[in-house]
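Chemist: missing the sequence, but the structure's below:
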């Protein structure tokens, strides 16, 4: 089988490529040049490209660099900036997977005649037999599971993608890399948004691309104006840092941001907790068939968030998830991944919080 492996320069994709070579497949490594500016974090630095190239040499496979900076700007960076301008909190890693790795790169793999595309994500694909659909499932390592950021994949993707390390824990991945003498064996995991420098930060990055607007802070409990913020574009629903305690001495959290009126609403933890999260129109994707209205499910609202039982609903007004218990508010723009209530490792689909 001819397999194109997305090699980010990290240990996970290094071992993914090595495992496929060990299984006898015809493997080619590809690293994506995504960000045209400087980068010292994530998976877009010059050092990452060099690490991927050197690992490919170690395991004896060809390695190429594909320039997708234009598509990355159009599909990930520009929407990231626009979302903040609209007081939303986007998830650029999910959108990179959606538009770049599993759209553009998969199209490139097709054009080049590869049978499959492989990545180093910690998740598993169980192949359907006898006409049964393929399943996307959590990775074997609960602490490193990345099924959340892959929750937008459908059957067309799952039939063409392999995830070679999904059955390994992170410790096992590093052990395999060390056994093979791979230069990435002890390399730290990427943690940051790849196009924002660690010495720059989100504030400076966005400040170079949009004009910050001040906003009034209103306490929902009293309706009183209790302060101002210099940039509503930097405020996230659920945020506590930067906001003073209320007159009653309790902490205040952001429960809503109104870009039109330039107002940030804050409240006590019990006031801002929610049980219903509306999903943006057109944002729903499903690994198999769509859930019926009022079906039970488990929802996860961040990459390492706590899975919580809920029901999926839909009517003429749109779709939503309604949690069995109150949870912290979910920022508009965040992915809501849905898992099977009776099989919590199985991904059903995803939507974006409205």
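Modeler: Great, that's in hand. It should be emphasised that the depicted structure is a prediction, and the values quoted were computed from it without experimental measurement. Numbering: from 1, shown residues only.

Chemist: give me the neighbour count for residue 104.
Modeler: For residue 104, the neighbour count with other C-beta atoms under 10 Å is 17. (Each C-beta comes from the backbone N, C-alpha and C, glycine too.)

Chemist: nope, residue 55 is what I meant
Modeler: 27.

Chemist: ok, residues contacting the lengthiest helix in the chain?
Modeler: Scanning the chain for the longest helix, with DSSP state H as the assignment, gives helix 46-59. Outside helix 46-59, the residues that touch it by C-beta atoms under 8 Å, 6 or more residues apart in numbering are 7-10, 13-14, 17-18, 21, 27, 29, 31, 33, 62-63, 65, 180-184, 187.

Chemist: which parts of that helix are buried?
Modeler: Using 16 or more other C-beta atoms under 10 Å as the test for burial, helix 46-59 gives 48-49, 51-53, 55-56, 58-59.

Chemist: please apply the same query to stretch 342-354.
Modeler: 345-354.

Chemist: before we move on, the earlier item: just curious, which of the buried residues of helix 46-59 is nearest to residue 248?
Modeler: residue 48 (48.9 Å; C-beta to C-beta).

Chemist: run through who's touching the worst-scoring helix or strand of the chain on mean pLDDT.
Modeler: Every helix and strand of the chain was ranked by mean pLDDT, DSSP states H and E. The lowest is helix 269-272, at a mean of 87. For helix 269-272, the surrounding residues in contact (C-beta under 8 Å, 6+ apart) are 220-221, 238, 250-251, 253-255, 266, 328-329.

Chemist: so what's the gap between whatever helix or strand comes next after it and the chain middle?
Modeler: Sequence order places strand 274-279 as the next helix or strand after helix 269-272, per DSSP states H and E. Using C-alpha atoms, centre = their mean, to the nearest Å, the distance from the centre of strand 274-279 to the centre of the chain it belongs to is 19 Å.

Chemist: could I get the contacts of helix 269-272 as a markdown table with secondary structure and neighbour count?
Modeler: Output for these, formatted as a markdown table (DSSP: H, G, I helix; E, B strand; the rest coil; neighbours: other C-beta atoms under 10 Å):
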| residue | secondary structure | neighbour count |
| --- | --- | --- |
| 220 | coil | 16 |
| 221 | coil | 16 |
| 238 | coil | 18 |
| 250 | coil | 14 |
| 251 | coil | 13 |
| 253 | strand | 21 |
| 254 | strand | 23 |
| 255 | strand | 21 |
| 266 | strand | 25 |
| 328 | coil | 18 |
| 329 | coil | 22 |
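
Chemist: looking at the residues you listed, which gets the smallest pLDDT?
Modeler: Scanning the contacts of helix 269-272 for pLDDT, the low point is residue 221. It has 85.

Chemist: if anything else comes up later, I'll come back, but that's it for now.
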